[in-house]
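Asker: this is a predicted model, with the sequence first.
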Amino acid sequence: MMKLLACISVIGFRLMVCVHSEFIEPSPSLALRSFSSTQTRMPCRFMVEADEQVVQVTWSRQKPGGEREQIIVGHFTEGPIVSPDFLSLVQFESSDPTVDSTLLILNTKKADQATYTCHISIFPSGSFQRQISLTVWRVLRLIGCAAVPPDAVIADSGSWRVGHSGSELRCVVKGNPLPQNVTWSRKDDRLPAGVLVKEDRLMFVRPLNVTDEGVYVCQTANSAGIAKAEFKVEIGSRCLIYWKDDRLPAGVLVKEDRLMFVRPLNVTDEGVYVCQTANSAGIAKAEFKVEIGKRWPESARALGSPSETLLIIIGASVAGVLVIVIVIAIILINCHLRRKNRKLKRALSTRTEEMISLSRQVSMRRLDSFNGDLRTALEEIALIQMDSVTKGSVLSVEDRSTLSDVKGRHGDREYDSLGRPAIYTAYRPARSSRNIREIEEERNERRRRVESYVKSSSMSLVLLLCRLP
């Protein structure tokens, strides 16, 4: 009996252990269904005793072909470790995978359909695992189930100017269901000739003209309604340039309102060129006659012919060269004259120095002569004084003879300028007295001059004697 009770207690204990150490979720053989492009949650939680510890959690899957792949591992010390093939595809729902081992497939795909295994390692109890079968369904989205009324917009391309080709209008439609038929018309008028309708496009396959102006209407419809769109075409003015009664010559380029001769002109380019333009108010034309080599434009005629222009240019160039040559010659002559003046100044300075040197030499020679023979110098001075005295005595004698002659003439009788006796005699006492006075003054002046000369000579001699050593 006691043995039976012991066995029952052991079995009860085991049962208690099995009850407390078990999976909380998932249930055995769980089958999950998930949609593609959604997040899938695969639960896995295990309850352990107080003396037990979850060491590692491992998720793996087995595809229908039998291939097994390890997805992610959660270690109690190292944390979660994702396999390289599943990076950014899966993760644990909890930050502590040893407590809650639920796996999340972030973006489920059809390839994720497989059998998944949650394997838990517990110390010291051992390992436990549960499997989950995952089926992935694709989501089919039905777009445009409700009818949407149509919408239309007209888009244009190309240039809307007179003479331009290839312009077109396109009707862009929307709606559900999408409208399939598009009709074109022109408001208050029919479509012009030469216009092509192709599906949703209205094409002007010929050059435009002013008659193409107007309001063009695009109309479309579906089961939900009708839509219209309008576009106003305005043809801009443009010159149509052509050669009257013929076509334009080769090598001539028409660029908008300009006619350009992109090659050298020749005689075949002569003719009357016509520029035609138009708008909604009417049409205008202008003509211009081109004559090659016969007539010059007014601007060219004012300037003269090319030969005259060339002569003017040559003449101006020659005149400019002459002016430059004259200026250079003047500068050279000026420089030459300046050099010559400098040479003359140097020569004059040299001559002046030579004269000063010679005069100094003469002065030194005179001083040497005076120093050598003072007696000869005194004799020369005495002779000079005697000569001056003799000159003074001669002058005094001449003055006396003149006075005696005058007195004789006045005493006896008067004579004319030739020494002949005067026929008419007249007594002139005032004139005689004036002549005598003038003679006296002249004689006194001569005496003063002689005395001054003698005095100056004496002083010079004295100074010379004083300077002698």
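Answerer: Arrived safely. Numbering: from 1, shown residues only.
Asker: scan this structure for its longest strand.
Answerer: Secondary structure of the chain per DSSP state E: the longest strand is strand 126-137.
Asker: helices and strands around it, which ones?
Answerer: Counting contacts by 3 or more C-beta pairs under 8 Å, 6 or more residues apart in numbering; DSSP states H and E, strand 126-137 packs against strand 22-25, strand 30-35, strand 40-42, strand 115-123. Just so you know, the C-beta spots here come from the backbone N, C-alpha and C atoms, and that holds for glycine as well.
Asker: what residues does that strand touch?
Answerer: 22-23, 26, 28-36, 40, 42, 44, 46, 108-110, 112-122 (C-beta atoms under 8 Å, 6 or more residues apart in numbering).
Asker: pull out the buried members of the residues you listed.
Answerer: 23, 26, 30, 34, 36, 40, 42, 44, 46, 108, 112-114, 116-122 (16 or more other C-beta atoms under 10 Å).
Asker: for the closest residue to residue 284 other than its chain neighbours, the count of nearby residues, please.
Answerer: Nearest residue to residue 284, sequence neighbours excluded (C-beta to C-beta, 6 or more residues apart in numbering): residue 277, at 5.4 Å. Residues lying near residue 277 (other C-beta atoms under 10 Å) number 18.
Asker: check residue 221 too.
Answerer: Applying other C-beta under 10 Å, we find 19 residues neighbouring residue 221.
Asker: how far away is it from residue 346?
Answerer: 118 Å (C-beta to C-beta, to the nearest Å).
Asker: cool, and residue 252?
Answerer: Distance from residue 252 to residue 346, by C-beta to C-beta: 80 Å.
Asker: returning to what we had before: so which bits of the longest strand of the chain are buried?
Answerer: 128, 130, 131, 132, 134, 136.
Asker: the stretch 51-200 of the chain: strands as residue ranges?
Answerer: Using DSSP state E, counting those that start in this stretch, the strands assigned to the stretch 51-200 of the chain run over residues 53-62, 68-75, 79-82, 90-92, 103-105, 115-123, 126-137, 148-157, 168-176, 182-186, 195-198.
Asker: any chance of the ones you listed in CSV, with distance to residue 257 and mean pLDDT too?
Answerer: Formatted as CSV, the strands of the stretch 51-200 of the chain follow (distance: least, C-beta to C-beta, whole Å; pLDDT from 0 to 100):
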stretch, distance to residue 257, mean pLDDT
strand 53-62, 78, 92
strand 68-75, 76, 91
strand 79-82, 73, 90
strand 90-92, 72, 93
strand 103-105, 71, 93
strand 115-123, 79, 92
strand 126-137, 70, 89
strand 148-157, 23, 87
strand 168-176, 24, 89
strand 182-186, 28, 91
strand 195-198, 26, 88
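Asker: columns distance to residue 285 on top of those, output as TSV?
Answerer: What follows is the strands of the stretch 51-200 of the chain, written out as TSV (distance: least, C-beta to C-beta, whole Å):
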stretch	distance to residue 285
strand 53-62	88
strand 68-75	87
strand 79-82	84
strand 90-92	83
strand 103-105	81
strand 115-123	89
strand 126-137	78
strand 148-157	29
strand 168-176	29
strand 182-186	28
strand 195-198	26
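Asker: nearest to residue 451, of these?
Answerer: strand 148-157 (136.1 Å; C-beta to C-beta).
Asker: which two in the buried residues of strand 126-137 are spaced the farthest apart?
Answerer: 128 and 136, at 26.8 Å, using C-beta to C-beta across the buried residues of strand 126-137.
Asker: sorry, back to before: do you know which of the helices and strands packed on strand 126-137 lies nearest residue 166?
Answerer: Of all these, strand 30-35 comes closest under C-beta to C-beta, at 52.3 Å.
Asker: starting from that closest one, tell me which strands it pairs with and how they run.
Answerer: The strands beside strand 30-35 in its sheet (DSSP bridges) come out as strand 126-137 (parallel).
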